[in-house]
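Trainee: sequence plus predicted model, see below.
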Amino acid sequence: HIAGAINVQLSSSEFEQRVGWLLTAEADVVMVAETHGAAQEAIHRLAFVGLDQRIRGQAEMSAWAAAGSPTGAVAQMEVGELRAALAGGNLKVLDVREISEWQGGHVASALHMNFKHLPQRFGELRLQREDRLAVVCATGKRSSTACSFLLRKGFTNLLNVQGGMEAWTEAGYPVTI
């Protein structure tokens, strides 16, 4: 990704809403996607919620990287690695799913805050920017978005949990209700 970018997956049926939840009122947008066609689709979808008026440009990620422009990445963690790290006690977990999903079962030691509330309320979590933090959702998409937001806030040791809670429960790992 481009350093400082907010990552919202175009494949999400809630793409437009997710972008709207995370943008500040004054933010202009440069749409970056894998292809020109994907950028055009994103702009079209943002028009449904009036956010297309804030787009100031577009780019393809491959062109950005080929130009030697700065990029970043969020480390990925599989659920088996998460379970092992939790046993070692050197990791915090942030679950960014909806409250109904959280109440249906979550990792016992996890903190909870719906990802769409992060812009207004992330300070309530009382996390340190250097904490080793695994971020989890249902499948890994919302947690990836949350990680991009937290990176912008200066967090430096983030891990996105691949497959999310679906992979966790599929592996037979325990949940707390």
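Mentor: That came through fine.
Trainee: show me where the protein has its helices.
Mentor: 15-22, 36-47, 61-66, 79-88, 99-103, 118-121, 141-152, 164-170 (DSSP state H).
Trainee: and the residue nearest the centre of the chain?
Mentor: In the chain, the centroid-proximal residue (CA atoms, centre = their mean) is residue 145; its distance is 1.8 Å.
Trainee: output the below-cut-off pLDDT ranges for the chain.
Mentor: Judged against pLDDT under 70, the chain has no low-scoring part.
Trainee: could the helices of the chain go into TSV alongside distance to residue 128?
Mentor: The C-beta positions use only the backbone N, C-alpha and C, and glycine is treated the same way. What follows is these, written out as TSV (distance: least, CB to CB, whole Å):
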stretch	distance to residue 128
helix 15-22	22
helix 36-47	34
helix 61-66	31
helix 79-88	17
helix 99-103	23
helix 118-121	16
helix 141-152	12
helix 164-170	24
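Trainee: can you check which of those gets nearest to residue 9?
Mentor: helix 141-152 (5.0 Å; CB to CB).
Trainee: can you give me how far the closest one is from the chain middle?
Mentor: 3 Å (CA atoms, centre = their mean, to the nearest Å).
Trainee: swap in stretch 37-56?
Mentor: For stretch 37-56, the distance to the chain centre is 20 Å (CA atoms, centre = their mean).
Trainee: check stretch 136-147 too.
Mentor: 5 Å.
Trainee: could you do stretch 52-65 as well?
Mentor: 19 Å.
Trainee: what residues are bridge-paired with the spatially closest residue to residue 144 that is not a sequence neighbour?
Mentor: Leaving aside its sequence neighbours, residue 144 sits nearest to residue 160 (CB to CB, 6 or more residues apart in numbering; 5.1 Å). Judged by DSSP bridges, the bridge partners of residue 160 are residue 76, residue 135.
Trainee: change the start of the numbering to 418 and stick with it
Mentor: Yep, numbering from 418; the last one is residue 577 now.
Trainee: give me the number of residues near residue 577?
Mentor: By other CB atoms under 10 Å, the residues close to residue 577 number 24.
Trainee: also the one 4 residues further on?
Mentor: Per other CB under 10 Å, the neighbour tally for residue 581 reads 24.
Trainee: then residue 446?
Mentor: By other CB under 10 Å, the residues close to residue 446 number 19.
Trainee: my read: it touches residue 468, true?
Mentor: Yes. Applying CB atoms under 8 Å as the test, residue 446 and residue 468 come out as touching, 7.1 Å apart.
Trainee: identify the contacts common to those two.
Mentor: 436, 440 (CB atoms under 8 Å, 6 or more residues apart in numbering).
Trainee: now for the closest residue in space to residue 513 that isn't next to it in sequence: which residues touch it?
Mentor: Nearest non-adjacent residue to residue 513, counting by CB to CB, 6+ apart: residue 532, 3.8 Å away. Counting by CB under 8 Å, 6+ apart, residue 532 makes contact with 438, 513, 514, 554, 559, 560, 562, 563, 566.
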